[in-house]
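Visitor: Got a predicted structure here, sequence first:
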Amino acid sequence: MKKVLIPALGLLLLIVLAACGGNTAVTEPMNGETAVMEDNSTDAMTNESMADHNDNAAMDDTPSEAMDTHNDNMAMQDTDMEAADDNMAEANMETMAEKPTWQTIALTNAQSGETFTLGDFAGKTVFVEPMATWCTNCRQQLGNVAQIREQFGDDVVFIALSLETNLSDEDLARYAADQGFDWHFAVMTPDMLQALADTYGRTITNAPSTPHFIIRADGTHTDLKTGIDSPDQLAQFIQEAQS
């Protein structure tokens, strides 16, 4: 009986060992498959991270591109402003070039001592009366001017220019004060007298003919007018130049 049990137990042991060996063989491929799945998951996560990084990098580049565009726009605006300034400067130079010489010659206000030119009053109407302190016709004409000055206020500048190029500012100021004339009085320079004669002819140098003209607000000037005008005629002359 014992001899029969021993072979039977040995056979049972072999069956158990075989069974255990088979489980091990099955388990190993499963572990290998798990490793492959883990590797694939890791690769997928790595690819997603790289994609996110590239997206973030692209977003980071966008502000730089926007700044470049902004800087380009600013540069274009600066260029446009510089071009506008250049155009204005050229326009001012052209305007100065178009002015007659006698509008650019410096004069001295005999009563205030201030220096000015006939071209300094752009935007206003300028009434100019060449005269002489010894001329009675001039005195009468200037008296008529005095009657209409307040009528025009600050819109019209009145200037009396002495044809006596050797007269002192003090003597001209005294003449104006004695007559009650309180607007611009100045002594012409020889250069200015010649420049006016070049424009208007020698008649402008004849004080008793009471020559007078007007510089319009845009810098152009009227023809020379002579003769003693009444206050109404003077006012009409100015109003026509303003229209």
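Guide: Thanks, I have the structure now. None of these values were measured; they are calculated from a predicted model.

Visitor: Tally up the residues packed near Glu170, please.
Guide: For Glu170, the count of nearby residues is 9 (other Cβ atoms under 10 Å). All C-beta spots, glycine's among them, are computed from the backbone N, C-alpha and C.

Visitor: cool, the one 5 residues further on as well?
Guide: Counted with other Cβ under 10 Å, residues neighbouring Tyr175 total 21.

Visitor: can you confirm it is in a helix?
Guide: Yes. Under DSSP: H, G, I helix; E, B strand; the rest coil, Tyr175 sits within a helix.

Visitor: Could you find the closest non-adjacent residue to it?
Guide: Thr133 (4.6 Å; Cβ to Cβ, 6 or more residues apart in numbering).

Visitor: What helix or strand is the one you found located in?
Guide: Using DSSP states H and E, Thr133 maps to neither a helix nor a strand.

Visitor: Same check on Ala197?
Guide: Applying DSSP H and E, one finds Ala197 within helix 190-200.

Visitor: and the helix or strand that comes right after that helix, what does it pack onto?
Guide: Counting by DSSP H and E, the element after helix 190-200 in chain order, helix or strand, is strand 213-215. Taking 3 or more Cβ pairs under 8 Å, 6 or more residues apart in numbering; DSSP states H and E as contact, the helices and strands that strand 213-215 lies on are strand 125-131, helix 231-242.

Visitor: Alpha carbons only: can I get the longest one in CSV?
Guide: Which is helix 231-242. Provided in CSV are the C-alpha atoms of helix 231-242 (Å, rounded to 0.1, in the frame of the first residue of the first chain):
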residue,chain,number,x,y,z
PRO,A,231,-12.9,160.3,-43.4
ASP,A,232,-15.7,158.5,-45.3
GLN,A,233,-13.5,158.0,-48.4
LEU,A,234,-10.8,156.6,-46.2
ALA,A,235,-13.2,154.2,-44.5
GLN,A,236,-14.5,153.0,-47.8
PHE,A,237,-11.0,152.4,-49.1
ILE,A,238,-10.2,150.3,-46.1
GLN,A,239,-13.5,148.3,-46.3
GLU,A,240,-12.9,147.5,-49.9
ALA,A,241,-9.5,146.2,-49.1
GLN,A,242,-11.0,144.0,-46.4
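
Visitor: relative to strand 125-131, how tilted is it?
Guide: Counting by axes from the mean of the first three to the mean of the last three Cα atoms, to 10 degrees, helix 231-242 lies at 130 degrees to strand 125-131.

Visitor: Need the winner for burial among the helices and strands packed on strand 213-215.
Guide: strand 125-131 (a mean of 23; mean count of other Cβ atoms under 10 Å).

Visitor: Now do it and helix 190-200, the angle between them.
Guide: 110 degrees.

Visitor: List the beta-bridge partners for His212.
Guide: On the basis of DSSP bridges, His212 is bridged to Lys225.

Visitor: Start at 50, not 1
Guide: Yes, from this point I'll number from 50; that puts the last item at His261.

Visitor: That one: neighbouring residues, count only.
Guide: So His261, with other Cβ under 10 Å, has 24 neighbours.

Visitor: again, but for Ala222
Guide: With neighbours defined by other Cβ under 10 Å, the count for Ala222 comes to 16.

Visitor: Pro280 versus the residue nearest to Tyr224, what's the distance?
Guide: 22 Å (Cβ to Cβ, to the nearest Å).

Visitor: got it, and Ser292?
Guide: To Pro280, Ser292 is 19 Å away according to Cβ to Cβ.

Visitor: cool, Arg198 as well?
Guide: With Cβ to Cβ as the criterion, Arg198 and Pro280 are 10 Å apart.

Visitor: for this structure, what are the low-confidence residue spans?
Guide: Along the chain, segments meeting pLDDT under 70 span 50-146.
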